[in-house]
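J.: my questions are about this predicted structure, shown below with the sequence.
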Amino acid sequence: MKQIEISNVLHFVNQDYQFVEAFEHVLGRYAKQARDDRILVACIIAWGTNMGLRKMGEISDIGYSLLNDTSDNFIRLETLKEANDRVNNAISKLPIFRYYDIDEVIHSSSDGQKFETRINTINSRHSPKYFGLKKGIVDYTLIANHVPVNARIIGANEHESHYVFDILYNNSTDIQPDVHSTDTHGTNQVNFAILYIFGYQFAPRFQDIYNRVSKSLYGFHNPSYYSDGLIKPIRKINVDLIVEEWENIQRIILSLALKTTTQSIIIGKLSAYVRRNKTKRALWEYDNINKSLYLLDYIDSLPLRRNVQRALNRGESYHKLRRAISHANFGKLRFKTEQEQRIWSECGCLLANCIIYYNASILSNLLAYRESDGQDPCVLKQIYPVAWQHINLYGRYEFNKNPESINMDAIIQKLAKLQVEQELSHSYFA
């Protein structure tokens, strides 16, 4: 496909859904500076690519002072979140979006991506496996049907399982997952219970399933009752303890539902209690019930294991796109505060969302073309929208010239001539 600049991609998305209108001046109606979309786009690219405003002022036709003033007045976490939600909702309305469902449901996944920090901040931590002697952070992202719908910055020393519920429950888009997967690092002793109560099906991937089952399978009877079974529980569930402490468990769940606290704080409080604490043990027991049921399904169902792996592969594909977007300064962050790191994360997500929307628009139009031509449209399920080889992310930026128009009809006519079925045999299956 023809190369297109990232600024033109943002202009294309903004023409359809006006996501820049989410960026309001910090002073509201008392503002004296009007929003300039071209400067705002330059700021988003500068933040999201890890380039920085000063470097953008050197390699573009917009000076640093204008970039800095626009960034201070318009780019905030709440405006970025609103812009991301608008693009996410726009993607969910495209015809191709539901083609990425797994077993006719939205199957999401969450995983963290490590980024090294050149400047030590309060949440920068050591991780010898990824950073050696340096420090870094984790960009923890929720992916649903290839779309990054929510993200947050955590320390490299923090356990990702403490944020699984938070990133799901704080998702404010129209894309609401039914099933959620993580790798083994996303599991703990309460996630099955919490996600089940809130209506999510938790479906993690276990690396060593034999070792997991031999230590984590529980039953409602004594192990001797299952003497004829190939798989036996290690002990009986303490149902009486769950009933006795159910009122306290409900208080914990209510605090999470009202957002008066977060999952990470709840787990920290529970971990501070002695091991024999009855409320903690009761919550563990309730979690063991749901975990045991899932383990039995996970062992018995090959399609379930495949679906979990497919969902996690989509997260890995997004991480490659995210790494390509933030490749400036060799991918090492130079932000001085946690607030700046969060702004970088949201801007990077916005750039990724715009690229995914552009690709999904092409696939949706190609889908309509194939349907009108009497061809099988299901083959497009296997073409994923997380691709950036045709997007020019770096170089000399010229924002003051008129953006290049995108002729979608010409693109579709060109792609329609290709033998898609033959090419798919050599492509990556999402």
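T.: Structure received. Numbering: from 1, shown residues only.

J.: pLDDT weak spots in the chain?
T.: Filtered on pLDDT under 70, the chain yields the residue ranges 419-430.

J.: could you find the closest non-adjacent residue to Ile289?
T.: Ile237 (6.1 Å; Cβ to Cβ, 6 or more residues apart in numbering). Placement of C-beta: from N, CA and C, glycine included.

J.: wait, isn't that neighbour in contact with His221?
T.: No - using Cβ atoms under 8 Å, Ile237 makes no contact with His221, being 9.1 Å away.

J.: please say which of the two ends up with more neighbours.
T.: Neighbours were counted for Ile237 and for His221 using other Cβ atoms under 10 Å; Ile237 has more, 17 against 10.

J.: distance check, that one against Tyr286.
T.: 9 Å (Cβ to Cβ, to the nearest Å).

J.: and for Gln189?
T.: Gln189 is 10 Å from Tyr286, by Cβ to Cβ.

J.: settle it for me: which of the two has more neighbours?
T.: Set Gln189 next to Tyr286 and count neighbours by other Cβ under 10 Å: Tyr286 wins out with 23 against 18.

J.: and the next element down the chain from whichever helix in the chain runs longest?
T.: As assigned by DSSP state H, the longest helix anywhere in the chain is helix 338-372. Next helix or strand after helix 338-372 toward the C-terminus (DSSP states H and E): strand 391-392.

J.: elements contacting that next one?
T.: strand 4-5, helix 6-17 (3 or more Cβ pairs under 8 Å, 6 or more residues apart in numbering; DSSP states H and E).

J.: how about the longest one: buried residues?
T.: By neighbour count on 16 or more other Cβ atoms under 10 Å, the buried set for helix 6-17 is Ile6, Ser7, Asn8, Val9, Leu10, His11, Phe12, Val13, Asn14, Tyr17.

J.: with just CA atoms, put that helix into CSV.
T.: The C-alpha coordinates for helix 6-17 follow below in CSV (Å, rounded to 0.1, in the frame of the first residue of the first chain):
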residue,chain,number,x,y,z
ILE,A,6,0.8,9.6,10.6
SER,A,7,-0.5,13.2,10.6
ASN,A,8,-2.7,12.4,7.6
VAL,A,9,-4.0,9.3,9.5
LEU,A,10,-5.1,11.5,12.4
HIS,A,11,-6.7,14.0,10.0
PHE,A,12,-8.6,11.1,8.3
VAL,A,13,-10.0,9.9,11.7
ASN,A,14,-10.8,13.4,12.8
GLN,A,15,-12.8,14.0,9.7
ASP,A,16,-15.1,11.1,10.5
TYR,A,17,-15.5,11.5,14.3
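
J.: okay, strands next: where are they in the chain?
T.: All strands of the chain, identified by DSSP state E, fall at 4-5, 107-117, 125-126, 135-144, 147-155, 179-181, 201-202, 218-219, 235-236, 391-392.

J.: could you export those as JSON lines, including mean neighbour count and distance to Leu415?
T.: JSON lines is the format used below for those (neighbours: other Cβ atoms under 10 Å; distance: least, Cβ to Cβ, whole Å):
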{"stretch": "strand 4-5", "mean neighbour count": "18", "distance to Leu415": "14"}
{"stretch": "strand 107-117", "mean neighbour count": "23", "distance to Leu415": "27"}
{"stretch": "strand 125-126", "mean neighbour count": "16", "distance to Leu415": "45"}
{"stretch": "strand 135-144", "mean neighbour count": "24", "distance to Leu415": "25"}
{"stretch": "strand 147-155", "mean neighbour count": "23", "distance to Leu415": "22"}
{"stretch": "strand 179-181", "mean neighbour count": "24", "distance to Leu415": "32"}
{"stretch": "strand 201-202", "mean neighbour count": "20", "distance to Leu415": "36"}
{"stretch": "strand 218-219", "mean neighbour count": "19", "distance to Leu415": "53"}
{"stretch": "strand 235-236", "mean neighbour count": "12", "distance to Leu415": "59"}
{"stretch": "strand 391-392", "mean neighbour count": "17", "distance to Leu415": "16"}
